[in-house]
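K.L.:
give me coordinates for this.
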Amino acid sequence: MSFNLYPAIDLRNGQCVRLIQGDYDREIQYEVDPVEVATSFEEAGAAWIHVVDLDAARSGKSENLDTIASITNAVRVPVQSGGGVRTVDAARALYDVGVSRCVIGTAAVENPEIVGEIATLGQRVAIGLDVRGENVATQGWERDSGLKILDLLPRYENAGVEAVIVTQIARDGMGIGSDVEGLATVLASTSIEVIASGGVGALSHIAELVGLEVDGKTLGGVIVGKSIHDGTIEVSAALAVIEGK
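P.N.:
Got it, this is the predicted structure:
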């Protein structure tokens, strides 16, 4: 399995932003055009681009579909997108504007059947599980589902899921490194490809994730947002670490 870098664009009101630890009241707004950011990621060599609709994650209603469409039209690499995908129609709307893989979070926890429904459309699906410790949060990280990640993973084993994205909320946007121990536990508990998210603030953090191996299984990649937008990590440098250069 190859390890991919997923540089991230978080959208709110059509703007490129980051939330600290998922807190909508702790927003950093970047004075950049999301489409230009996406093309810069592609030009730097990224094989994927990860886009999150923060408005939809909170309300379940997409307010950034036009911006996502502009991004997919501007790049040739596949775009993975999530945030508020709680119905088959919401997923279809993303595919219709050119998204290659849809990320389902809250709905995958509260209504697991939807995952199979979307996958049977012939579409590519990833699951987004956002955790505080071991507990999975939903509704834009604002609600505790009362469920533990290891209890949820078996639900998705044979549902047509390509990957599970694990975000440790306490580390998101903090730049203190990923929850390597927690990720190792997830790797050992599922046959689905695991993508790390949250906490990456240095190239050494990426190297640590590339080197993580449990029972011969490695991670499928890492999502990096704030560190790239802040200029702490360059996409090209991150790719060089992944490629062992």
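K.L.:
what's the spacing between residue 161 and residue 119?
P.N.:
With the distance defined as C-beta to C-beta, to the nearest Å, residue 161 ends up 7 Å from residue 119. Bear in mind the C-beta positions are built from the backbone N, C-alpha and C, glycine included.
K.L.:
so how many other residues sit close to residue 47?
P.N.:
Around residue 47 sit 14 other residues, with neighbours defined as other C-beta atoms under 10 Å.
K.L.:
go ahead and confirm it touches residue 3.
P.N.:
No. With contact defined as C-beta atoms under 8 Å, residue 47 does not count as touching residue 3 (10.4 Å).
K.L.:
looking at residue 161 and residue 119, which is more packed in?
P.N.:
In this comparison of residue 161 against residue 119, neighbours counted by other C-beta under 10 Å, the higher total goes to residue 161 at 23 against 19.
K.L.:
check contacts around that one.
P.N.:
Residues in contact with residue 161 (C-beta atoms under 8 Å, 6 or more residues apart in numbering) are 115, 119, 125, 126, 127, 192.
K.L.:
what does residue 108 give?
P.N.:
With contacts defined as C-beta under 8 Å, 6+ apart, the neighbours of residue 108 are 114, 115, 127, 128, 129, 156.
K.L.:
from residue 238, how far off is the residue nearest to the last one when sequence neighbours are not counted?
P.N.:
Here the nearest residue to residue 156 in space, its sequence neighbours aside, is residue 127; by C-beta to C-beta, 6 or more residues apart in numbering that works out to 5.5 Å. Remark: distance between residue 127 and residue 238 (C-beta to C-beta) = 24 Å.
K.L.:
now do the helices in this protein.
P.N.:
Along the chain, the segments classed as helices by DSSP state H run 34-43, 54-59, 65-74, 88-96, 106-110, 113-119, 149-152, 180-189, 203-210, 226-229, 235-242.
K.L.:
ok, residue 87 touching residue 104?
P.N.:
No. Under the criterion of C-beta under 8 Å, residue 87 lies out of contact with residue 104, with a separation of 10.1 Å.
K.L.:
which residues do these two both contact?
P.N.:
When contacts are counted by C-beta under 8 Å, 6+ apart, residue 87 and residue 104 are jointly contacted by residue 114.
K.L.:
ok, back up a step: residue 81: which of the contacts of residue 108 is nearest?
P.N.:
Set against residue 81, the nearest of those by C-beta to C-beta is residue 128 (10.7 Å).
K.L.:
quick check: bridge partners of that closest one?
P.N.:
Each beta-bridge partner of residue 128 is listed here, defined by DSSP bridges: residue 165.
K.L.:
wait, it touches residue 102, no?
P.N.:
No. Counting by C-beta under 8 Å, residue 128 sits too far from residue 102 to count as a contact (10.0 Å).
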